[in-house]
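Asker: Show me the folded form of this:
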Amino acid sequence: MILVAPSPQALSKTISAMSDATFYQTVIALAGMALPAEQFSPPPSRLNDGYDFQKELAKFLREQECG
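Answerer: Numbering: from 1, shown residues only. Below you'll find the model as predicted:
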């Protein structure tokens, strides 16, 4: 099976069309799976609101953007 990444435009359109709840439940959850657990607080789950994770994710993304 070959996976093909969507274009940035298609990805942006898909994400922009998501409700806040859908974004939170999918994109934030995927970030939690993709990032090293030892460097981040637990991601959102039924047992955790994930606010610390989200703050850390925002800081991480800002640092990546600024280089």
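
Asker: CA atoms for contacts and neighbours, from now on please.
Answerer: OK.

Asker: Give the rounded mean pLDDT of the top helix by length along the chain.
Answerer: The longest helix of the chain (DSSP state H) is helix 51-66. In this model, helix 51-66 carries a mean pLDDT of 91.

Asker: and for it, what are the contacting residues?
Answerer: Helix 51-66 has contacts (CA atoms under 8 Å, 6 or more residues apart in numbering) with 28, 32, 40-44.

Asker: Output it in CSV with nothing but the alpha carbons.
Answerer: Provided in CSV are the C-alpha atoms of helix 51-66 (Å, rounded to 0.1, in the frame of the first residue of the first chain):
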residue,chain,number,x,y,z
TYR,A,51,-4.6,21.5,28.6
ASP,A,52,-0.9,21.2,29.7
PHE,A,53,-0.3,19.1,26.6
GLN,A,54,-1.9,21.8,24.4
LYS,A,55,0.2,24.5,25.9
GLU,A,56,3.4,22.5,25.4
LEU,A,57,2.3,21.7,21.8
ALA,A,58,1.7,25.4,21.1
LYS,A,59,5.2,26.3,22.5
PHE,A,60,6.8,23.4,20.5
LEU,A,61,5.2,24.6,17.3
ARG,A,62,6.2,28.2,17.9
GLU,A,63,9.8,27.1,18.4
GLN,A,64,9.7,25.0,15.3
GLU,A,65,8.3,28.0,13.3
CYS,A,66,10.9,30.4,14.6
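
Asker: Buried residues of it, list them for me.
Answerer: Residues of helix 51-66 classed as buried: 53-54, 57 (neighbour count, 16 or more other CA atoms under 10 Å).
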